[in-house]
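> sequence first, then the predicted structure, then my questions.
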Amino acid sequence: LRKHPIFADLEPDAFDQLCRYARHSTLKRGSTLFSKGDPGNSLYAVISGTVKMSISSPDGRNAILNIIEPGEIFGEMALLDGRARSADAIANSNCELFVIDRREFIPFVKSQPTLAMKFIELLCDRLRRTSDQVEQIILQDLPGRLASALLRLTEKHKLEPQGRTIAITQQEISEMVGMTRESINKQLRAWASRDWVRLEHGAIVVLNAEMIRELAEAGP
Ligand code: CMP
């Protein structure tokens, strides 16, 4: 848990207390941990693997809100406001998690103002990202939206954008930016022919970060 930035500044005693509340759990690739609308009584911290937060429509289309990586947490919204889960949580790979129950966690957060502030910062960060995504979906054209998504992913991974690999499928990108997989593939292939990106199985390598940034910032 110390590897999770949100808990890193806890005093040793408080950290020990938190560890007593946390239990270890595993998830198989493709399994659903919870669905939108479920009651939410736990917070999850990812130790290994990735978990996809997504929303699906009755006709089977998906929108990916976020992909949670090791060192990140999810399930904080229902935990903090006591309402239903706002999205589905599906394991993108085999995962190891820490699970902390609301009953113990809420009194703990109330006794730890620094931790409460960290949660507020996390929620602000997620709201900012969501606002950026809404802006891109409403105001940007296809190349701009795709370029913005690639930049967001490199920034999230704190990657030097140049020449770094983003482990994501084209289907996942299409579910993140709200465009068909075919149009994503066509655009990526056009960029690959100019050596701005390289396409690998289940991954995209950004080769010309300046061009991608220019496209992302070009606006509508
Ligand atoms: P919760 O509502 O408990 O369950 C679904 C989780 O998905 C939610 O908590 C957050 O952890 C995550 N989530 C929901 N909406 C977003 C969003 N817009 N951006 C990032 N993560 C989100």
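Okay, I see it. What you see is a predicted model, and the numbers here were worked out from it, not measured in a lab.
> tell me which parts of the protein are close to the ligand?
Counting by CB under 6 Å from any ligand atom, the residues of the chain close to the ligand are 40, 53, 65-66, 74-79, 85-87, 89, 126, 130. Just so you know, the C-beta spots here come from the backbone N, C-alpha and C atoms, and that holds for glycine as well.
> out of the residues you listed, which are inside helices?
Among the residues of the chain next to the ligand, the members found in helices (DSSP state H) are Glu76, Met77, Ala78, Leu79, Arg126, Thr130.
> now the residues you listed: which count as buried?
When these are checked for burial by 16 or more other CB atoms under 10 Å, the buried set is Glu76, Met77, Ala78, Leu79, Arg126.
> make TSV out of those residues and add distance to Lys110.
What follows is those, written out as TSV (distance: CB to CB, whole Å):
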residue	distance to Lys110
Glu76	15
Met77	17
Ala78	17
Leu79	13
Arg126	22
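> can you find the helix or strand in this structure with the smallest mean pLDDT?
When each helix and strand of the chain is scored by mean pLDDT, DSSP states H and E, strand 164-166 comes last, with a mean of 80.
> list the buried ones in it?
For strand 164-166, the neighbour count (16+ other CB under 10 Å) marks Arg164, Ile166 as buried.
> that strand packs against which elements?
When contacts are defined as 3 or more CB pairs under 8 Å, 6 or more residues apart in numbering; DSSP states H and E, strand 164-166 packs onto helix 142-156, strand 203-206.
> quick one: average confidence on the shortest one?
Right, the one you point to is strand 203-206. For strand 203-206, mean pLDDT rounds to 90.
> one step back: in JSON lines, list the ones in helices among the residues of the chain next to the ligand along with distance to Leu188 and pLDDT.
Below are these laid out as JSON lines (distance: CB to CB, whole Å; pLDDT from 0 to 100):
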{"residue": "Glu76", "distance to Leu188": "33", "pLDDT": "96"}
{"residue": "Met77", "distance to Leu188": "32", "pLDDT": "96"}
{"residue": "Ala78", "distance to Leu188": "35", "pLDDT": "96"}
{"residue": "Leu79", "distance to Leu188": "37", "pLDDT": "94"}
{"residue": "Arg126", "distance to Leu188": "27", "pLDDT": "93"}
{"residue": "Thr130", "distance to Leu188": "24", "pLDDT": "92"}
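> brilliant, that's me finished.
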